[in-house]
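Trainee: structure for the following, please:
(2 chains)
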Amino acid sequence: EAEVAQSPRYKITEKSQAVAFWCDPISGHATLYWYRQILGQGPELLVQFQDESVVDDSQLPKDRFSAERLKGVDSTLKIQPAELGDSAMYLCASSLAGLQRYEQFFGPGTRLTVL
Amino acid sequence: AQSVTQLGSHVSVSEGALVLLRCNYSSSVPPYLFWYVQYPNQGLQLLLKYTTGATLVKGINGFEAEFKKSETSFHLTKPSAHMSDAAEYFCAVTLVTGGGNKLTFGTGTQLKVEL
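Mentor: Numbers count the residues shown, from 1 in each chain, chains lettered A, B, ... in the order given. Here you go, the predicted model:
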């Protein structure tokens, strides 16, 4: 069964360092999402791509976060510099385009700890 | 704008007992509604979804939910709890408008199943 792949699964870094997370969506899924889940809360959307274009990045802290999906397939989310408050689970999801885009499939996530 | 309220951050049931997890939503237009389950340090798995049509929807692992427009609710139930149901459950809503369709999640309910 096709799955969303994410790496690394766990990342520990010190504040002010740069970190990057990678996501490979299910083959054929045009829409890709990055969510942040703080411990004890539900996930919140950071950025949504349709192919290589950003559809929604209204909740992305653009002073330190960046995301790209250059060829419309896999994606990278970067934080520079990392802050203590960035400690969270970062989830990637993907969906088909069109009317089926509402059903999102999630990867296993990357748990980030900032010391 | 849409929002989701999950009543009860922690629910405890005995094995074999009824599971009832509550979810109320707020939406200006008819929403699509979802329940996801999350096991420790893993991503989210879709349990079931409501889009249109029949208001009682059945999902995986014996779970079901009923969309009640008059009560703006989408409660999750399972007739008989199993130890393997212990996990965190998230209710989510999306509005399928334009190109964006972000999921708005509730804060989650941790389900504990006791012998």
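Trainee: pull the contacting residues for the residue of chain B found nearest chain A.
Mentor: Nearest residue of chain B to chain A: residue B:105, at 3.0 Å (C-beta to the nearest C-beta). The way it works is simple: take the backbone N, C-alpha and C, and place the C-beta from them, glycine included. Neighbour list for residue B:105: A:42-44, B:4, B:36, B:90-92 [criterion: C-beta atoms under 8 Å, 6 or more residues apart in numbering or on different chains].
Trainee: ok, now residue B:110?
Mentor: Contacts of residue B:110 by C-beta under 8 Å, 6+ apart are B:9-11, B:87-89.
Trainee: ok, now residue A:60?
Mentor: A:46-47, A:67 are the contacts of residue A:60 under C-beta under 8 Å, 6+ apart.
Trainee: show me those residues that map onto strands.
Mentor: Per DSSP state E, strands hold the following members of the contacts of residue A:60: A:46-47, A:67.
Trainee: could you find the closest non-adjacent residue to the residue positioned nearest the centre of chain B?
Mentor: The residue lying closest to the centre of chain B (C-alpha atoms, centre = their mean) is residue B:35, at 3.2 Å. Once flanking residues are discounted, residue B:35 sits nearest to residue B:47: 4.4 Å by C-beta to C-beta, 6 or more residues apart in numbering or on different chains.
Trainee: contacts only, for the one you found.
Mentor: So residue B:47 contacts B:34-37, B:59-61, B:63, B:76, B:89 (C-beta under 8 Å, 6+ apart).
Trainee: any of these buried? List them.
Mentor: B:34-37, B:59, B:63, B:76, B:89 (16 or more other C-beta atoms under 10 Å in any protein chain shown).
Trainee: any chance of those residues in JSON lines, with distance to residue A:76 and secondary structure too?
Mentor: Formatted as JSON lines, the buried ones among the contacts of residue B:47 follow (distance: C-beta to C-beta, whole Å; DSSP: H, G, I helix; E, B strand; the rest coil):
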{"residue": "B:34", "distance to residue A:76": "27", "secondary structure": "strand"}
{"residue": "B:35", "distance to residue A:76": "30", "secondary structure": "strand"}
{"residue": "B:36", "distance to residue A:76": "25", "secondary structure": "strand"}
{"residue": "B:37", "distance to residue A:76": "28", "secondary structure": "strand"}
{"residue": "B:59", "distance to residue A:76": "33", "secondary structure": "coil"}
{"residue": "B:63", "distance to residue A:76": "35", "secondary structure": "coil"}
{"residue": "B:76", "distance to residue A:76": "35", "secondary structure": "strand"}
{"residue": "B:89", "distance to residue A:76": "30", "secondary structure": "strand"}
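Trainee: could the residues you listed go into CSV alongside pLDDT?
Mentor: Output for the buried ones among the contacts of residue B:47, formatted as CSV (pLDDT from 0 to 100):
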residue, pLDDT
B:34, 95
B:35, 97
B:36, 96
B:37, 96
B:59, 95
B:63, 97
B:76, 98
B:89, 98
